[in-house]
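>>> Here is a sequence together with a model predicted from it:
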Amino acid sequence: MNLWRVMAGEIGYRKMTFVLGCVSAAVAVGAITCSTALLRGHDLRTEKLIEIKEAKTRAEMAKMEDDYRVIMKRMGYNVMILHKDQDVAELHTLGYPSVTMPEAYAENLAAAGLPTLNHLLPILQKRVLWPETGEKILLTGVRGQMQLPGRKGGRAPIMAPIPDGHVALGNAIAARVDVTAGEKITLMGEVFKVERVEAARGTGDDMAVWVGLAKTQGWLREPGRINGILALECVCHAEALGQIVEQVTGVLPDTQVFEFTSKVQGRAEARKRATETRQTALQAELEQRLSLRGERQRLMAAVQPLAVAGAGLWMLLLAYGNTRERRSEIGMLRAIGVREKQILAMFLGKAALMGLAGGVAGIAIGLAVGFLASGVAAAWREIWWLAGGGTILLVFMMGPLLGCLATLWPAVRAARQDPADVLGEE
Amino acid sequence: MLKLCDVSKTYCGRKKEVAALREVSLRLEGGMLAALQGPSGCGKTTLLLVAGGLLAPDSGQALLNGVDIYGLSSECRARRRAMNIGFVFQQFHLIPYLTVLENVQAPLLASGGTAAHKYAEELLERFGLTARCNHLPGELSTGEKQRTALARAMMNRPGLILADEPTGNLDAANAAIVLDALVQFAEGGGAVLMASHDERAAARGQHVWRMEEGVLVSVCNLNEEG
C-alpha cells in the first residue's frame, strides 16, 4: 500500500473530476501551443511567400531582360565600333560607315573577352542599287554573332547568321518589292531565298538587305574587310558606358566607339525602376505580413493569460470540490497517522498527473490546430518547428506546474484539516 | 497505557460555550476493555478524540505510554498515533475506491510497513472477509464494513483501540462479532476504550465508565463486582 495506489484508485473512482482537470490543463497548454504554432506558422508562411515572390521576380526580371534585348535589337545596337578615320558627318549623311577596317579587328575584340560586351556583330554595309528591282538598298553583310570566350551559353544570339543562299529583308524593302518570307528573289544576278522579313523599325534598317558577309565582301570587292562592329553591352548602369569606350579602344587603338547613350540609359533606368518596383512590392508584402503578425501577437498576448487564468481557476474549483468531497476520508487518514505532507503529496501528485495528461493532449491539439490554421502546406515534420522544441518542453512542464499551483491552496487546506472536526461530527 | 489527568475541553460556539470535558481523569492499562456510556452530547466522542491525540484539551494531560502526546509536534503525534492507536468509528470511514484488503492495509501509509500483506490476509480471515478482499466498500454489508474497519484498526498491531459506537449500526450477530474481537484484543494484552449506547457492548466491558455533562460520574468494575 502506498500513496500512488491511493492516487490511482481515487483517479479511477472519480474519473470525471480527473477528466475535467485534464481538459482545463489541455485548454491552457493548448492555447499557448496553438498560438505559438500559429505565429510560427505565420512566419513560415511569410518566408515561403517571400521566397516564391522573389523567385517570381527573378524569373520576371530574366524575362524582362530578354525582352529588353529584343527591344534594343529592334531599336538598333548600343554601341557601334568604327575605324578611327571614319568621319561622323559622313556617317550620318550616308547612313552607313564608309571607311573599312580589317575583319580581324572583330576577332581580336572577341578574343579580348571584354566583360562589358555581350554580343559582337561585324558588318559590312553600303547603300547600293538592287539592279533587278531598281531600288536603293542598304546592303548589309553579316557573319552572325561571334563567340565570346568564357561566357555562359544558352542565350539566344541577337542576330542569327544568314545561311548561304539566303537573305533577310528590311520591312520597307520587302513591301516595295512585294516579297514575303520563303519566297525567292534575284539579287546581283544570283537567286536567294528570303529567310525572314524583319519587323518595321522606323530606321534605315527597314531598307536593308542582310546577306552573308563573305558574299557582300565579294560584291563590294572588299575581301576580309568590314566597316563596323555592332555591340550590345550588358552593363546595368549607364555610368559604366565610359568604360566600354576605354576598353574597346584599348584593344583596338585604330577604332572609335559611338555610344547610343540615351537608349542604353533608358534601358538601364527602366531595369533599375523595375527592380525598385519589385523590391517595393516585396517590402510592402513583408510589411503587411509583419503588421498582421503584430495583430495576431497582440491577440495571443491577451488570449494566453486569459486561457491560463481560466484553466487555473477551474482546476482550483475542481480541487476545492474534491477536497470537500474527500473530507471524511482525509479525516480518517489523518486519524490513523497519515501525515500532512503525505496528504499534500496525494493532492499535488494527482494535480501534476492531471496537468501532465492534459498538457500532452493540449500540445497535440494545439499543434494540430495551429498547423491546420496557419495554412502551412508543409510536411508534418515541420510541426516541431511550428511550436519550437524549447516551447514544447516549456509547455510540457507548464501543465503539471499549473495543476500544482491551482491545487496548492485546497490541498494545503485539506492537509491541515483537523481530523477531530470531521470525526467529531458523528 | 493511557492516562488522562484533569482533562478539560470547552467548545466555543457563536452564542455560548459548551464544556465537553470537565477535569476528567482516567487510567487504562493493557488488557482492559472499558465501555464509556452516557447520553448524547455528554462528551464521549470528545474524550475519545482527546485520548487519541486528535483534539488538544484546553487543560490537563493525555499520556500515552507515559508520554504527553500533546507535548509532541504534530508529525510526532501522528507517528505515535499510527504506531500505537487503532480507531473504529460508527460511520466506518472506509476509503470508497480501495478494496477491502487495501482499506485494511491503509495504516501502512502512515507506518510505512511493507511486509504486512500476510498479516492483513490473516485479519481478513479472522473477520470472515477473505471472500470479500477484492470488493469495494460500496459492495459490502454494514456488518462487513464494520469488520473491515476493525481489521484496519488492528493492522498496525496497536496497544490501544479507541472505538466510537462500534456497534451502533450493526445487527445483533455482527455486533457480537465486533465485540468478540474487541474482547479478544483486550485479552491479548491490548487496551480498548469504547464509547457506546449499546447495553450489549457495556455488558462485554470489564469497566463501565459513565459520563454526564463532561464529567466522569461513575466507574464500575464489572469484574470486581462479578
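Perfect, thanks for sending it. Because the structure is a prediction, the values reported are computed rather than measured.

>>> any idea which element residue A:297 lies in?
helix A:261-325 (DSSP states H and E).

>>> who does the helix or strand hosting residue A:93 touch, helix- and strand-wise?
Using DSSP H and E, residue A:93 sits in helix A:88-94. Helices and strands touching helix A:88-94, as assessed by 3 or more CB pairs under 8 Å, 6 or more residues apart in numbering or on different chains; DSSP states H and E, are absent. From N, CA and C alone the C-beta is placed, and that goes for glycine too.

>>> which residues are in contact with it?
A:82, A:97, A:98, A:127, A:258 (CB atoms under 8 Å, 6 or more residues apart in numbering or on different chains).

>>> Can you give the distance from the following helix or strand past the helix holding residue A:297 to the centre of its chain?
Sequence-wise, the next helix or strand downstream of helix A:261-325 (DSSP H and E) is helix A:327-335. Remark: helix A:327-335 is offset 69 Å from the chain centroid, using CA atoms, centre = their mean, to the nearest Å.

>>> Tell me, how many residues neighbour the closest residue to residue A:141 other than its chain neighbours?
Closest residue to residue A:141 apart from its sequence neighbours, by CB to CB, 6 or more residues apart in numbering or on different chains: residue A:216 at 2.6 Å. Neighbour count of residue A:216, defined by other CB atoms under 10 Å in any protein chain shown: 25.

>>> Equivalent analysis for residue A:119, please.
Per other CB under 10 Å, the neighbour tally for residue A:119 reads 22.

>>> which SS class is it?
strand (DSSP: H, G, I helix; E, B strand; the rest coil).

>>> That one contacts residue A:145, correct?
Yes - under the criterion of CB atoms under 8 Å, residue A:119 makes contact with residue A:145 at 5.5 Å.

>>> Could you identify the helix or strand that succeeds the helix holding residue A:93?
Scanning forward in sequence from helix A:88-94 by DSSP H and E, the next helix or strand is strand A:101-102.

>>> List the pairing partners of that following strand within its sheet, with orientation.
Strand A:101-102 has the following strand partners under DSSP bridges: strand A:225-226 (antiparallel).

>>> Residues contacting the strand it pairs with, please?
Strand A:225-226 is contacted by residues A:100, A:101, A:102, A:103, A:105, A:106, A:122, A:123, A:124, A:141, A:213, A:217 when judged by CB under 8 Å, 6+ apart.

>>> Low-confidence regions, the stretch 301-426 of chain A specifically.
Scanning the stretch 301-426 of chain A for pLDDT under 70 picks out A:375-389, A:391, A:424-426.

>>> now the helices for it?
A:327-335, A:340-373, A:383-387, A:389-415, A:419-423 (DSSP state H, counting those that start in this stretch).

>>> Any buried residues in the second one, and which?
The one in question is helix A:340-373. A:340, A:342-363, A:365-371 (16 or more other CB atoms under 10 Å in any protein chain shown).

>>> Also the fourth one?
For helix A:389-415, the buried set under the neighbour-count rule, 16+ other CB under 10 Å, comprises A:391-392, A:395-396, A:398-404, A:406-408, A:410-412, A:414-415.

>>> quick check, that helix touching chain B?
No - Helix A:389-415 stays clear of chain B (CB under 8 Å from any CB of the partner chain), getting no nearer than 10.8 Å.

>>> just the longest one next, same as before
Yes - against chain B, helix A:340-373 shows contacts by CB under 8 Å from any CB at A:340, A:342.

>>> what's the angle from that helix to helix A:327-335?
Put simply, helix A:340-373 runs at 130 degrees to helix A:327-335, going by axes from the mean of the first three to the mean of the last three CA atoms, to 10 degrees.

>>> Now the buried members of the contacts of strand A:225-226.
Among these, those classed as buried by 16+ other CB under 10 Å are A:100, A:101, A:103, A:105, A:106, A:122, A:123, A:124, A:141, A:213, A:217.

>>> Take those residues and keep only those in strands.
Residues of the buried ones among the contacts of strand A:225-226 located in strands (DSSP state E): A:101, A:122, A:123, A:124, A:141.

>>> For the last one, give its distance to residue A:111.
Separation of residue A:141 from residue A:111 (CB to CB, to the nearest Å) stands at 21 Å.

>>> For the one residue in the stretch 151-300 of chain A that gets nearest to chain B, which non-adjacent residue is closest in space?
Residue of the stretch 151-300 of chain A nearest chain B, by CB to the nearest CB: residue A:300 (40.5 Å). Closest residue to residue A:300 apart from its sequence neighbours, by CB to CB, 6+ apart: residue A:35 at 3.9 Å.

>>> Show me the helices in chain B, by range?
Ranges of helices in chain B, per DSSP state H, are B:44-51, B:74-84, B:100-105, B:108-111, B:117-126, B:142-154, B:172-187, B:199-204, B:222-225.

>>> now those helices as JSON lines including distance to chain A?
Below are those laid out as JSON lines (distance: least, CB to the nearest CB, whole Å):
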{"stretch": "helix B:44-51", "distance to chain A": "5"}
{"stretch": "helix B:74-84", "distance to chain A": "2"}
{"stretch": "helix B:100-105", "distance to chain A": "4"}
{"stretch": "helix B:108-111", "distance to chain A": "3"}
{"stretch": "helix B:117-126", "distance to chain A": "9"}
{"stretch": "helix B:142-154", "distance to chain A": "8"}
{"stretch": "helix B:172-187", "distance to chain A": "16"}
{"stretch": "helix B:199-204", "distance to chain A": "16"}
{"stretch": "helix B:222-225", "distance to chain A": "27"}
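
>>> Where among those is average confidence lowest?
If you rank the helices of chain B by mean pLDDT, helix B:222-225 sits at the bottom with a mean of 52.

>>> Tabulate the helices of chain B (TSV), appending mean neighbour count.
What follows is the helices of chain B, written out as TSV (neighbours: other CB atoms under 10 Å in any protein chain shown):
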stretch	mean neighbour count
helix B:44-51	26
helix B:74-84	19
helix B:100-105	26
helix B:108-111	20
helix B:117-126	16
helix B:142-154	24
helix B:172-187	17
helix B:199-204	17
helix B:222-225	10
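
>>> in chain A, what secondary structure element scores lowest on mean pLDDT?
Using mean pLDDT, DSSP states H and E, helix A:383-387 stands out as the lowest-scoring helix or strand of chain A, at a mean of 59.
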